[in-house]
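[1] based on what follows, work out the 3D shape:
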Amino acid sequence: MADYGSTDRVRRSAAQQYIEPARSRGETIVKINSGTFGKALVKHKVLPPNRFPIICNALRSNKFQKDNQVTLLDVQGPPSGKSSTVTYVYRIEPIRSSEKAHGGDDNFFMRMRGILKRSYKKLGGAESFHNSEREGWDR
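    Coordinates of the predicted model:
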């Protein structure tokens, strides 16, 4: 994932610290408190202190929800929605098969097995192709 600034770093960190572990544990609901998360971001030098508008905007964003396949169920906190006391509650959606190929599937390698089968067939088979490549290696 490309890094387009602090908001992307916040989204990536939230996914790594909260969403992915919850999904691997089989949980369906995850809560992220902006104050606790903000302390972790400062500790790991992702953001300087007191950047709650950035944190809250990133956690509320449609991009975060879409990229991590979560749905924002509730925002608990003050009306401004941009402080250290805001808690976001997400429902973790099942990983859709079309998006598993982008890193969300533990069996990605197994699904890639045989992907070159047709290409090798056009070249006369994998063994003959590799043998011809080896023969021409020192030329």
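
[2] what's the burial count for Gly35?
    14 (other CB atoms under 10 Å). From N, CA and C alone the C-beta is placed, and that goes for glycine too.

[3] may I ask which helix or strand of the protein has the lowest mean pLDDT?
    When the helices and strands of the chain are scored by mean pLDDT, DSSP states H and E, helix 97-99 comes last with a mean of 54.

[4] which residues touch Gly38?
    Gly38 sits next to 47, 49-52, 55, 84 when contact means CB atoms under 8 Å, 6 or more residues apart in numbering.

[5] and Leu72, which helix or strand is it part of?
    Using DSSP states H and E, Leu72 sits within strand 70-76.

[6] just to revisit the earlier point, and which of the contacts of Gly38 is nearest to Tyr120?
    Leu47 (48.4 Å; CB to CB).

[7] hang on, isn't that closest one packed against Leu41?
    Yes: if you go by CB atoms under 8 Å, Leu47 and Leu41 touch, sitting 4.5 Å apart.

[8] which residues do the two both contact?
    By CB under 8 Å, 6+ apart, the residues touching both Leu47 and Leu41 are 10, 55.

[9] the closest residue to Ala22 other than its chain neighbours: what's it in contact with?
    Excluding its sequence neighbours, the residue lying closest to Ala22 (CB to CB, 6 or more residues apart in numbering) is Val30, at 4.2 Å. Residues in contact with Val30 (CB under 8 Å, 6+ apart) are 18-19, 22, 70, 89-90, 92.

[10] let me know the helix or strand that Val30 is in.
    strand 29-33.

[11] what's the following helix or strand after that strand?
    helix 34-43.

[12] poorly predicted segments of this structure, please.
    1-4, 97-113, 139 (pLDDT under 70).

[13] please enumerate the helices of it.
    6-14, 20-24, 34-43, 52-60, 62-68, 97-99, 108-112, 117-122, 126-135 (DSSP state H).

[14] quick one, domains of this protein?
    6-96, 107-139 (automatic domain parsing).

[15] from those domains, which stretch is densest packed?
    domain 6-96 (a mean of 16; mean count of other CB atoms under 10 Å).

[16] now do it: distance from first to last residue.
    Length of domain 6-96, first residue to last, CA to CA, to the nearest Å: 28 Å.
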